[in-house]
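Novice: Sequence first, predicted model second:
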Amino acid sequence: MENSSKYRNPEPVHYALRLFVAGNAPNSRIAKENLRRLLRDFPSEDVVDLDIVDVMDNPDAALSHGVFVTPALQVIEPGLETLIFGNLSDQEVLKRLFPEKV
């Protein structure tokens with residue numbers, strides 16, 4: 001059975017995501033792994049542009065996007081821009097962000 005068959009929306013979706021992390025801090029590592037796990041289950045037809053910003057290397061990028069706490073996931077597309085703080089382990093938050101995917 002293909003992964004895409006379990007999803008309700010057969011149309012490809014474009015996602016633009018930006019994950020802000022703080023180096024190799026524990027919650028940053030967890031957030032990256034949780035996001036990778038989530039994206040692994042997206043249908044192959046979907047297009048996901050993921051930008052990972054390490055605020056230790058680029059603090060101005062975080063400040064310019066209003067990120068003062070890491071980890072933080074900025075969902076730029078689709079829909080309204082959203083900013084989620086935390087290590088992305090809360091499945092309820094992910095279900096609200098990606099109802100067709102989780």
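Specialist: It's in.

Novice: Could you use CA atoms for every contact and neighbour count after this?
Specialist: Noted.

Novice: what sits against residue 16?
Specialist: Shown in contact with residue 16 (Cα atoms under 8 Å, 6 or more residues apart in numbering): 48, 49, 50, 75, 76, 77, 78.

Novice: wait, isn't the last one in contact with residue 17?
Specialist: No. In terms of Cα atoms under 8 Å, residue 78 does not count as a neighbour of residue 17; the distance is 9.4 Å.

Novice: The two: who's more crowded?
Specialist: residue 17 (20 against 14; other Cα atoms under 10 Å).

Novice: buried set for the helix or strand in which the more buried one is found?
Specialist: Assigned by DSSP states H and E, residue 17 falls within strand 14-21. Judged by neighbour count (16 or more other Cα atoms under 10 Å), strand 14-21 contains these buried residues: 15, 17, 18, 19, 20, 21.

Novice: from the contacts of residue 16, which is closest to residue 36?
Specialist: Taking Cα to Cα as the measure, residue 36 lies nearest residue 50 of the contacts of residue 16, at 10.1 Å.

Novice: That concludes my questions; thank you for your assistance.
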